[in-house]
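> coordinates for the following, if possible.
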Amino acid sequence: MKVETKGFITILTGLYSFQDCIHFLASVRKFHREPIVVLIDRVPRILYPLLLAFGNVKLQPAPPDENPVLASRQAKVALYDGSPFEKTIYMDCDICLLSPIDEVFDYLDEVDFLVTEDLQPAIAKAAHLLRVERDILSTLQSVGLPLSENSIQYNSGFIAFKKSTKNQKFFQDFKKYFEIVITNQNLLMLRDQGAFAAGIEAVKPKMKTLSPVYNYLDQWKATYTIDKPIKVMHCTYPYRPQYAKNVTRSLFTRIFDRTAKIFLPNQLNNPWRLK
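Numbers count the residues shown, from 1 in each chain. This is a model prediction of the structure:
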């Protein structure tokens with residue numbers, strides 16, 4: 001595979017996230033000209049031209065699965081091999097850029113990996129990772145995740161990485177630990193944060209933790225204390241505040257949004273997120 005200098009990558013598995021992805025592409029294109037790779041599954045090919053209309057977009061198959069949430073998780077653990085870039089910024093497709101983020105590519109000259117912490121960074125308090133009411137840390141350890149009291153939970157909706165031996169090993173371990181999550185569905189929710197944290201613990205890549213302005217979850221805005229402008233908003237389009245919707249507002253997206261209400265399933269009622 002030819003390695004290009006830098007670019008963006010996202011994941012689109014199923015129609016529930018299609019509207020989010022259209023607005024993701026629109027927001028990136030408002031501020032950046034770099035190529036964008038979309039790892040895609042369970043989207044009819046007749047809709048592909050809508051994604052390609054933003055220019056310099058490449059669609060690559062994501063690992064297929066009937067469950068689009070599982071498919072998206074499997075695509076995330078395969079990001080290293082799926083990226084054709086020397087420097088990659090990955091964002092969930094329900095993200096909206098509010099300003100350019102060229103400096104994130106520059107940070108990768110100094111470190112191998114960039115992350116943002118979850119709203120609840122202590123993995124030992126991450127109750128949403130479990131299906132059962134048990135001690136969180138000991139349950140995660142019991143299935144084989146190498147986590148400790150000091151392990152950090154990161155929000156993997158925004159990460160950046162460069163090609164390196166350490167990062168290749170991280171994604172290999174991330175995949176290995178996520179397979180543990182899949183095989184322990186009687187205890188664990190189908191989330192990737194535990195496996196992601198385990199991969200960080202095992203490999204310890206040279207990394208930098210970015211400010212929440214690079215992964216701002218608008219639904220939880222009351223919990224933040226920030227004094228800088230938000231650069232990256234993480235929020236599904238139907239819930240997005242109007243000032244963020246204005247970033248991607250154009251004739252194309254206005255027409256698309258009107259037809260989406262008729263032809264696309266409602267992301268807010270996505271039953272796969274409850275699996």
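
> okay, now the unreliable bits of the stretch 51-200 of the chain?
For the stretch 51-200 of the chain, no stretch has pLDDT under 70.

> which parts of it are strands?
57-61, 85-91, 95-97, 113-122, 152-154, 158-162 (DSSP state E, counting those that start in this stretch).

> give me the contacts around the third one.
Contacts made with strand 95-97 from outside it, assessed by C-beta atoms under 8 Å, 6 or more residues apart in numbering, are listed as 10, 23-24, 27-28, 30-32, 157-158, 215, 231-235, 237, 240, 244, 247-248. Just so you know, the C-beta spots here come from the backbone N, C-alpha and C atoms, and that holds for glycine as well.

> distance to Leu190 and mean neighbour count added to the strands of the stretch 51-200 of the chain, as TSV?
Formatted as TSV, the strands of the stretch 51-200 of the chain follow (distance: least, C-beta to C-beta, whole Å; neighbours: other C-beta atoms under 10 Å):
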stretch	distance to Leu190	mean neighbour count
strand 57-61	21	14
strand 85-91	19	22
strand 95-97	20	24
strand 113-122	17	19
strand 152-154	16	21
strand 158-162	19	24
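
> any chance of those strands in CSV, plus distance to Pro146?
Listed next are the strands of the stretch 51-200 of the chain as CSV, based on distance: least, C-beta to C-beta, whole Å:
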stretch, distance to Pro146
strand 57-61, 31
strand 85-91, 23
strand 95-97, 29
strand 113-122, 16
strand 152-154, 13
strand 158-162, 20
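
> re earlier: in helices only, show me the contacts of strand 95-97.
Mapping these onto helices (DSSP state H) picks out 23-24, 27-28, 30-31, 244.

> give me the PyMOL select line for those residues, limited to the buried ones.
To isolate the buried members of the ones in helices among the contacts of strand 95-97 in PyMOL, using 16 or more other C-beta atoms under 10 Å:
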select buried, resi 23+24+27+28+30+244
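
> closest one of the ones in helices among the contacts of strand 95-97 to Thr139?
Distance to Thr139 across the ones in helices among the contacts of strand 95-97 (C-beta to C-beta) is lowest for Phe24, with 34.1 Å.
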